[in-house]
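Asks: Structure here, sequence nowhere to be found:
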C-alpha cells in the first residue's frame, strides 16, 4: 500500500521540487543580472547594438500586428455593438482595449518570439562553444558584457515600441471605422481623445517595461544555461520562447488585476 502511494505521488513531488528549483535559479540569475546592470564597467556600445537589434528591427512586425489587430478589433466591436444598439462605442472601446491591453501584450509576445529566441540561440551557441568560458578567462564578467545590455535595452525599447503600437493600432481602427463602417472621421477622433486617459497610457508603458525585462531574462537565462551541443541550443531556444510567452501573460494578469485593477 505504502509502495503504491509512493509510486503515485513521487512524480508529483519531484515535479513540484523541480519547479521551485527552477524558480530559485531564475530569481538568482535575475538578481545577478540586475547587479551587473548597475555595476561598472559598462558597455555602451553593446547597449546601443541591442537597442537597434531589439527596437528598430522589431518595428515592422510590431507595427503590422498593431495595425491588423486595431482594424479587426474595430470590426468585431461594431458587430457586437450593433446587437445592443451601441455601435457608437467603437472608438471608445477600441482605444481603451488597444492601449491598456492589446498593444503591450501583443507587442511583447511578438518581440519575445523574435528576440528571446535570438538571445537564447546566441548565448547558447557561445556556451556550447566555450566562448562564455573564454570571457571569464579574460576577466570579463559575462553578466555585464552579455546579459545586462540585453536586459537594459529590452526594458528601454519595449515601452517605445508600445507607444508606436498604440498609435498604429488606433489608426487601424480609425481607418476601418471611417472607410468601411461609415463613421465620421472628426467625430471618431474626438471620441477617442475624450475616452483616452493618462492612466491608460501609464498602464500600457508599465506593462511594456515588465514584458521587456521578462523576455530578455528568459532569452538570456536559457541561453546561458545551455547544455548538450546543437540539440541543446534548439531546446534552449524553444524553452526561452515558451517561458517568455507564459510569463508575459502571467505578468499581464498580475499587473492588470493588482496594480491597475
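Replies: Noted; the coordinates are in hand. Small disclaimer: the values here were computed from a predicted structure and weren't measured.
Asks: rest of the way, CA atoms for contacts and neighbours
Replies: Will do.
Asks: Helices of the stretch 1-150 of the chain, start to end?
Replies: In chain order, the stretch 1-150 of the chain shows helices spanning 2-38, 44-54, 59-82, 90-97, 103-111, 117-128, 131-137, 142, 148-179, with DSSP state H, counting those that start in this stretch as the criterion.
Asks: need the least confident one among the ones you listed, by mean pLDDT.
Replies: When mean pLDDT is averaged over each of these, helix 2-38 scores lowest at a mean of 80.
Asks: Report the angle between that one and helix 148-179.
Replies: Between the direction of helix 2-38 and that of helix 148-179, the angle (axes from the mean of the first three to the mean of the last three CA atoms, to 10 degrees) works out to 90 degrees.
Asks: got the contact list for residue 59?
Replies: Contact partners of residue 59, counting by CA atoms under 8 Å, 6 or more residues apart in numbering, are residue 161.
Asks: now do 10 Å
Replies: Taking CA atoms under 10 Å, 6 or more residues apart in numbering as the contact definition, residue 59 lies against 65, 107, 111, 160-162, 164-165.
Asks: What about those residues, which one has the most neighbours?
Replies: Taking other CA atoms under 10 Å to define a neighbour, the member of the contacts of residue 59 with the most is residue 162, carrying 30 neighbours.
Asks: nearest residue to that one other than its sequence neighbours?
Replies: Taking CA to CA, 6 or more residues apart in numbering as the measure, residue 162 lies nearest to residue 104, with 5.5 Å between them; neighbours along the chain are not counted.
Asks: which strands and helices sit next to the host helix or strand of residue 203?
Replies: Counting by DSSP states H and E, the secondary-structure element that holds residue 203 is helix 198-224. The helices and strands touching helix 198-224, judged by 3 or more CA pairs under 10 Å, 6 or more residues apart in numbering; DSSP states H and E, are helix 2-38, helix 90-97, helix 103-111, helix 117-128, helix 148-179, helix 229-254.
Asks: Counting neighbours, which bits of that helix end up buried?
Replies: Applying a neighbour-count criterion of 16 or more other CA atoms under 10 Å, one finds 200-201, 203-224 buried in helix 198-224.
Asks: Tell me the secondary structure at residue 226.
Replies: The assignment at residue 226 comes out as coil when based on DSSP: H, G, I helix; E, B strand; the rest coil.
Asks: looking at it, it is touching residue 238, isn't it?
Replies: No - in this structure, residue 226 is not within contact of residue 238 by CA atoms under 10 Å, at 11.6 Å.
Asks: more crowded one of the two?
Replies: Set side by side, residue 226 and residue 238 show unequal neighbour counts under other CA under 10 Å, the larger going to residue 226 at 25 against 19.
Asks: which residues touch that one?
Replies: Neighbouring residues of residue 226 by CA under 10 Å, 6+ apart: 120-121, 123-128, 220, 232-237.
Asks: All set now, cheers.
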